[in-house]
Structures are given as structure tokens and as C-alpha cells.
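S.K.: dropping a prediction and its sequence here:
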Amino acid sequence: MSAVRPSGPFREGDRVQLTGPKGRLHTVTLRPDGELHTHHGVLRHSDLIGQPDGSVVTNSSGHDYLALRPLLRDFAMSMPRGAAIVYPKDAAQIVMQADIFPGATVVEAGVGSGALSLALLRAVGSDGRLVSFERREDFAEVAKANVETFFGGAPDTWEVVVGDLAEQLPERFEAGSVDRVVLDMLAPWDCMDAVADALTPGGVVICYIATATQLSRVAEYLRGTGLFTEPEASETMVRGWHVEGLAVRPDHRMVAHTGFLLTARRLAPGAIPPEVRRRASKSSFSDADVELWTPGAVGDREITDKNLRKRVREAQKAAEGARRAAASREGDQPSQ
């Protein structure tokens with residue numbers, strides 16, 4: 001299905017972001033009999049249904065709440081998660097640095113919880129194609145439900161493949177037929193040969209990488225293939241500012257390091273790039289080097305199976321509500 005335009009009056013199944021007293025946020029999925037209970041009182045969903053986006057409604061205790069449809073960044077930060085998400089600041093950089101354009105054929109691995117998939121689907125448009133590979137079926141289920149919740153159904157331009165990218169990519173794409181490849185995985189070097197075969201000359205591969213050791217290994221592997229341009233590495237930090245009258249200062253907290261981005265472009269067959277002179281440095285790695293910087297070794301928390309099953313149910317419930325809302329919109333549209 002095509003994406004639902006996020007505008008018009010609130011309807012059953014819509015996700016709504018409520019800003020209440022002291023700026024606290026609540027995200028709800030509207031139901032005719034639904035209620036938001038807080039220590040400030042009760043807000044009935046029925047008071048929101050039919051109201052325009054950007055309305056202010058009052059709860060049972062007289063407290064006002066601003067109601068808005070979540071922006072993509074808001075939705076990504078509040079949706080159920082199976083795996084850690086790619087933050088909006090990094091997703092925006094990926095779309096720009098990889099030059100994801102309308103009509104592009106894009107491959108993504110892994111899909112995680114679907115946050116990056118949402119940004120990529122927006123960027124490729126109705127004429128593009130996104131194929132997302134994920135090894136874990138439970139993560140894929142969370143991602144599919146989150147994407148369907150946001151768009152009101154499964155986009156026609158999206159396909160999710162459960163399996164290993166290195167094995168599945170050659171079976172699904174002819175050599176040189178993919179415009180962009182986005183990799184968010186522990187060991188991107190394991191599938192780089194398959195990526196090189198699938199990419200069109202001039203195509204872009206961009207890797208989202210958690211640690212410095214992984215960053216170095218991917219860069220050296222890309223150089224060693226002789227199939228890509230010199231890789232470029234970066235990270236993005238966002239610092240908010242408090243602006244109130246003459247009280248202008250940086251926020252006390254900021255979204256600093258979340259991951260590295262490494263970008264390179266596919267060379268034409270047989271092309272030999274100009275030699276880049278660089279200082280001598282250690283360029284070899286052992287498995288022990290990489291193991292020191294895996295998410296488990298650096299203390300990243302892993303979600304339990306019980307918690308993950310709960311996230312899957314939450315995401316699928318939200319997706320079902322979004323599908324009902326989309327069906328309601330289609331039923332209200334006048335026939336052509």
C-alpha cells in the first residue's frame with residue numbers, strides 16, 4: 001500500500017503524542033473507549049477523535065494537553081524495540097551521505113527495530129525499492145509491525161528477508177543492480193564481497209558501526225578489496241540549546257556518540273584508483289582484537305526473550321490499530 005498522508009482529523013487507530021503538565025510526553029493509540037490515566041487525571045480518547053492535529057484538550061482535572069501526530073523522529077524514539085535503534089541524527093546522515101534518492105534500489109542489513117527502514121522508505125519514495133535483511137525473525141517481526149504502524153499498512157516498496165545477507169543477496173539481485181547498501185551489523189566485512197558484486201559502479205555502501213576497532217577493520221577490508229574508493233569515516237553529535245529571553249546556553253545533556261558512519265563508493269570493473277599515501281600503522285586484526293569490542297564485551301545490554309516477546313506483541317497491536325485507521329480513511333474518501 002502507499003503511505004498514508006499524516007494529516008487531517010484524528011481517527012481511531014492513530015498514534016497521538018500528548019504533551020501535558022510540565023512538558024511530559026505520552027504517546028497513545030486512539031480507541032473509542034480508550035483513556036489516558038495519570039496522576040493529573042483522566043483524558044478520554046473520544047475527546048481527541050475528530051479533532052484536528054495540533055488541538056488542545058482538557059482532562060478530567062482541568063489540565064490541558066497538546067495533541068500532535070508524532071513526527072518520524074518522535075515515532076522512532078517511542079516505538080517498541082526489539083534491537084537498539086539507529087537514532088534520528090544518524091538516520092538523517094545516512095540518507096544524505098549515501099545519497100538515498102527517489103526511485104533508488106536500496107539494500108539494508110540488519111533491520112533491527114525498523115527505525116532506519118522508516119527513513120529509507122521515505123527517501124526512496126513510491127518508485128523506489130527497499131529490501132531489508134535480518135537474521136533474527138523476532139527482530140524482523142518487531143520492525144514490520146513498527147513500519148506498518150507508522151504507514152498504516154505494509155508499504156508496497158518494502159520487502160523483509162529473514163536470512164544472512166552474504167548468502168541471500170546474490171540470489172535476489174543481479175550483479176550491478178543495487179544503487180545503495182546500508183549495513184548495520186557486527187561484522188560488515190563478512191558480507192562485503194557480496195555487496196561489491198551487487199552494487200552498480202558508482203553505488204554507495206555505508207556502514208553504521210558501534211566501536212573504533214570495528215571501524216578500523218571495515219576500513220582496512222574495503223581498502224584491501226581494491227573495489228571501492230577511499231572510505232570516509234565520521235560521527236555525528238547533536239547538542240540542544242536552552243533559549244529563553246537572555247538565558248541562552250547549551251543544554252546540560254546532549255546526544256553524543258552513538259556510532260560511526262563509514263562510506264565508500266563502488267569502482268568500475270578493472271578501475272585502479274590513484275594511490276593514497278598514508279603513514280605506516282597497524283592494519284591487521286585478530287579475532288581477539290574484535291572480541292574486545294563486541295557489544296557484549298563493552299557492556300551493552302541484551303534484551304531477554306520474554307521482554308522481546310512483549311515488544312513484538314506491543315508492536316503488532318499498534319500495527320493493527322494503524323491498519324484499522326487506514327481502512328477508515330479509505331472508506332471516507334469519495335469515489336472517483
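M.R.: The structure has been received and is ready for your questions. Numbering: from 1, shown residues only.
S.K.: list the contacts for residue 17?
M.R.: Residues in contact with residue 17 (CB atoms under 8 Å, 6 or more residues apart in numbering) are 25-27, 67-70, 74, 78. From N, CA and C alone the C-beta is placed, and that goes for glycine too.
S.K.: let me redo that: residue 226
M.R.: 267, 272.
S.K.: quick one on the thing from earlier: give me the buried subset of the contacts of residue 17.
M.R.: Neighbour-count burial (16 or more other CB atoms under 10 Å) applied to the contacts of residue 17 gives 27, 67, 69-70, 74.
S.K.: including pLDDT and secondary structure, could these go into CSV?
M.R.: Below are the buried ones among the contacts of residue 17 laid out as CSV (pLDDT from 0 to 100; DSSP: H, G, I helix; E, B strand; the rest coil):
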residue, pLDDT, secondary structure
27, 88, strand
67, 96, strand
69, 93, coil
70, 91, coil
74, 90, helix
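S.K.: and the furthest pair within these?
M.R.: Spatially, the most separated pair among the buried ones among the contacts of residue 17 is 67 and 74, at 12.7 Å (CB to CB).
S.K.: quick one on the thing from earlier: return the member of the buried ones among the contacts of residue 17 nearest to residue 315.
M.R.: residue 27 (13.1 Å).
S.K.: my guess is the closest one contacts residue 19. True?
M.R.: No: taking CB atoms under 8 Å as the definition, residue 27 is not a contact partner of residue 19, at 10.4 Å.
S.K.: give me every residue that touches the residue lying closest to residue 179 once chain neighbours are set aside.
M.R.: Once flanking residues are discounted, residue 179 sits nearest to residue 104: 4.4 Å by CB to CB, 6 or more residues apart in numbering. Contact analysis of residue 104 by CB under 8 Å, 6+ apart lists 123-124, 128-129, 179-180.
S.K.: counting neighbours, which of these comes out on top?
M.R.: With neighbours taken as other CB atoms under 10 Å, the top of the contacts of residue 104 is residue 180, carrying 26 neighbours.
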